[in-house]
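[1] give the three-dimensional model of this entry:
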Amino acid sequence: MFESFSQIRIDTGEVEINLRKGGSGPPLLLLHGYPQNHIMWHGLAPVLAQNFTVICADLRGYGDSDKPLGAPDHANYSKRVMAADMVRVMEHLGYTRFRVAGHDRGGRVAHRLCLDWPYRVERAAVLDIIPTHKLFTTTNQLVSTGYYHWFFLIQPDGLPEHMIGLDPDYFLKETLARWSALKENFAPEALQAYLRSFRDPACIHATCEDYRAAATIDLEHDEADMAKKIDCPLLVLWGLRGLMHKSYDVPATWRERASDVTAKGIDCGHFLPEERPLETLDALANFFAE
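    Numbers count the residues shown, from 1 in each chain. The predicted structure follows:
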């Protein structure tokens, strides 16, 4: 995987971010979701690298990036801070403007990038999410049952860390299975990379902090910015067999938050790049080529 890519660690001043970089052309930043890391892009990145300089980064707390202990207010895992990490990474690589696609948690970082750094983001794509504020303010029994982890991972005093840590392999495999519609589409090498990361107690803690931030300081930031809209072109992709599709008009939730939305549903569950790599690749390549 990523045979033609270089692996780099970049010190942002607060944390070191691990990434893979390859290809040539306009810069394209790819951000992963929970409970994965940058390896999730293995089926798309080499092809996108034919036309773009592709940067696949591990978010702080994930993969081989640094995993600081969470602050009392969870601010060091806010999407604002995680977005700033990526701005510093791209600056270090020499890019002041770039395109970005984010799946799951990475999509939430991409959303915050568009709001806080609009002059840096040329085009953005979010995969299988609705805005965080929308989800928390409209959740119902169906959503809270399917996305129970949103409410489990935010529990305090190390409760989820302890419970997940008793059998991290089971928790990760069960999470992947519950959220995917096409169960056999996770490459063995990718699954082993996810398991290796998730067996680290620091990763379990950091990913809980990511969700704790979403339920606290991220909502404060979102509420302060409700008048702001994403100005750059935004591509919204989602799984037609996933919970978001069953619960929301996904494009409509983003048209409330963005001025220029292109939307496409794909016949799969939550993990679009691995369940339907060709369709996801086609949508991203066409959108970012414009």
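[2] roughly how far apart are the closest residue in space to residue 63 that isn't next to it in sequence and residue 262?
    Beyond its immediate neighbours in the sequence, the residue positioned closest to residue 63 (C-beta to C-beta, 6 or more residues apart in numbering) is residue 37, lying 3.1 Å away. C-betas here are computed from N, CA, C, even on glycine. Going from residue 37 to residue 262 by C-beta to C-beta, to the nearest Å gives 27 Å.
[3] who's more crowded, those two?
    Each of residue 37 and residue 262 has its neighbours counted (other C-beta atoms under 10 Å); residue 37 has more, 25 against 18.
[4] got the contact list for the more buried one?
    Residues counted as contacts of residue 37 (C-beta atoms under 8 Å, 6 or more residues apart in numbering) are 58, 62, 63, 64, 193, 194, 197.
[5] nearest to residue 175 among the residues you listed?
    Of all the contacts of residue 37, residue 175 sits closest to residue 194, with 9.6 Å by C-beta to C-beta.
[6] show me what contacts that closest one?
    Counting by C-beta under 8 Å, 6+ apart, residue 194 has contacts 35, 36, 37, 39, 172, 176.
[7] the first one - how many residues pack around it?
    As a burial measure, the neighbour count of residue 35 was computed by other C-beta under 10 Å and equals 25.
[8] now do the fourth one
    Residues within reach of residue 39, counting by other C-beta under 10 Å, total 24.
[9] quickly find the element holding the residue nearest to the spatial centre of the chain.
    Ranked by distance to the mean C-alpha position of the chain (C-alpha atoms, centre = their mean), the top residue is residue 106 at 1.8 Å. Using DSSP states H and E, residue 106 sits in helix 105-116.
[10] list the buried residues of that helix.
    Using 16 or more other C-beta atoms under 10 Å as the test for burial, helix 105-116 gives 105, 106, 107, 108, 109, 110, 111, 112, 113, 114, 115, 116.
[11] secondary structure, distance to residue 27 and pLDDT added to the contacts of residue 37, as CSV?
    Formatted as CSV, those follow (DSSP: H, G, I helix; E, B strand; the rest coil; distance: C-beta to C-beta, whole Å; pLDDT from 0 to 100):
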residue, secondary structure, distance to residue 27, pLDDT
58, coil, 17, 98
62, coil, 21, 98
63, coil, 20, 98
64, coil, 21, 98
193, helix, 24, 97
194, helix, 26, 98
197, helix, 25, 97
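[12] top of those residues by number of neighbours, please.
    Neighbour max across the contacts of residue 37 (other C-beta under 10 Å) = residue 62, 30 neighbours.
[13] pretty sure it contacts residue 208?
    No. Counting by C-beta atoms under 8 Å, residue 62 sits too far from residue 208 to count as a contact (11.9 Å).
[14] what bridges to the nearest residue to residue 48 once chain neighbours are set aside?
    Leaving aside its chain neighbours, residue 48 sits nearest to residue 54 (5.1 Å; criterion: C-beta to C-beta, 6+ apart). Here residue 54 sits in beta bridges with residue 22, residue 28, going by DSSP bridges.
[15] what residues are up against residue 54?
    Counted by C-beta under 8 Å, 6+ apart, residue 54 has contacts 5, 20, 21, 22, 23, 28, 30, 41, 45, 48.
[16] residues in contact with the third one?
    For residue 21, the set of contacting residues under the criterion of C-beta under 8 Å, 6+ apart consists of 5, 6, 8, 53, 54, 55, 56, 93.
[17] so what's residue 35 up against?
    171, 172, 175, 176, 194, 198, 207.
[18] out of those residues, list just those in helices.
    Among the contacts of residue 35, the residues falling in helices (DSSP state H) are 171, 172, 175, 176, 194, 198, 207.
[19] quick check: pLDDT value at the last one.
    Turning to residue 207, the model gives it a pLDDT of 98.
[20] what does the second one give?
    Per-residue confidence for residue 172 comes out at a pLDDT of 97.
[21] picking up where we left off before, tell me which of the buried residues of helix 105-116 is nearest to residue 276?
    Set against residue 276, the nearest of the buried residues of helix 105-116 by C-beta to C-beta is residue 107 (16.5 Å).
[22] how much space separates the closest one from residue 238?
    Taking C-beta to C-beta, one finds residue 107 at 10 Å from residue 238.
[23] with residue 27 instead?
    Relative to residue 238, and taking C-beta to C-beta, residue 27 is found at 25 Å.
[24] same drill for those two, tell me which one is more crowded.
    Neighbour count, other C-beta under 10 Å: between residue 27 and residue 238, residue 238 has more, with 26 against 20.
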